[in-house]
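> Just need the structure, nothing else, for what follows:
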Amino acid sequence: MYDEHLINKNLARDQKNIDKQRSINNLELCVAVFDLQRVLTTSQGEASSFYYKRKFAVYDFTAYDIIKKLGYYYMWNESEAKRGSNEIGTCLMKFMKYMTEKGVKEFCFYSDNCGGQN
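The predicted model follows:
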């Protein structure tokens, strides 16, 4: 299984490099990576004992255009939404809508192997 994992890893890297080369002179192609970053916790009260009993989760998602070297950052808190595939899909749709308005017609996305995000 480990050897198969290494083969798949190398295939994915090779494909990513091919996509990057294709997009260098093609302004209608966006090659991007995305990831849900670690959960940021903030306190939600002023009393010191309350500070340690309850943390307020803030989520952040980043999409990064590899060729233009530009990052796009999306942030929300636990009172607005969770951090599942629906939220990730919403962030990607917002990213795609923004990039489409800039003339992009084709996307190649790469991410880690986290099932909730993919």
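> Verify the contact between S23 and A32 for me.
No: under the contact definition of C-beta atoms under 8 Å, S23 does not touch A32, with a separation of 9.6 Å. Just so you know, the C-beta spots here come from the backbone N, C-alpha and C atoms, and that holds for glycine as well.
> between these two, which one's more packed in?
Taking S23 and A32 together and counting by other C-beta atoms under 10 Å, A32 has the greater number of neighbours (26 against 22).
> Show me the strands in this protein, by range?
When assigned using DSSP state E, the strands of the chain occupy the ranges 29-36, 40-43, 55-65, 70-77, 106-111.
> In CSV: these, plus distance to K16 and mean pLDDT.
As requested, those are arranged in CSV below (distance: least, C-beta to C-beta, whole Å; pLDDT from 0 to 100):
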stretch, distance to K16, mean pLDDT
strand 29-36, 7, 95
strand 40-43, 28, 74
strand 55-65, 12, 90
strand 70-77, 17, 94
strand 106-111, 5, 95
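> Deepest-packed of those, please.
strand 29-36 (a mean of 20; mean count of other C-beta atoms under 10 Å).
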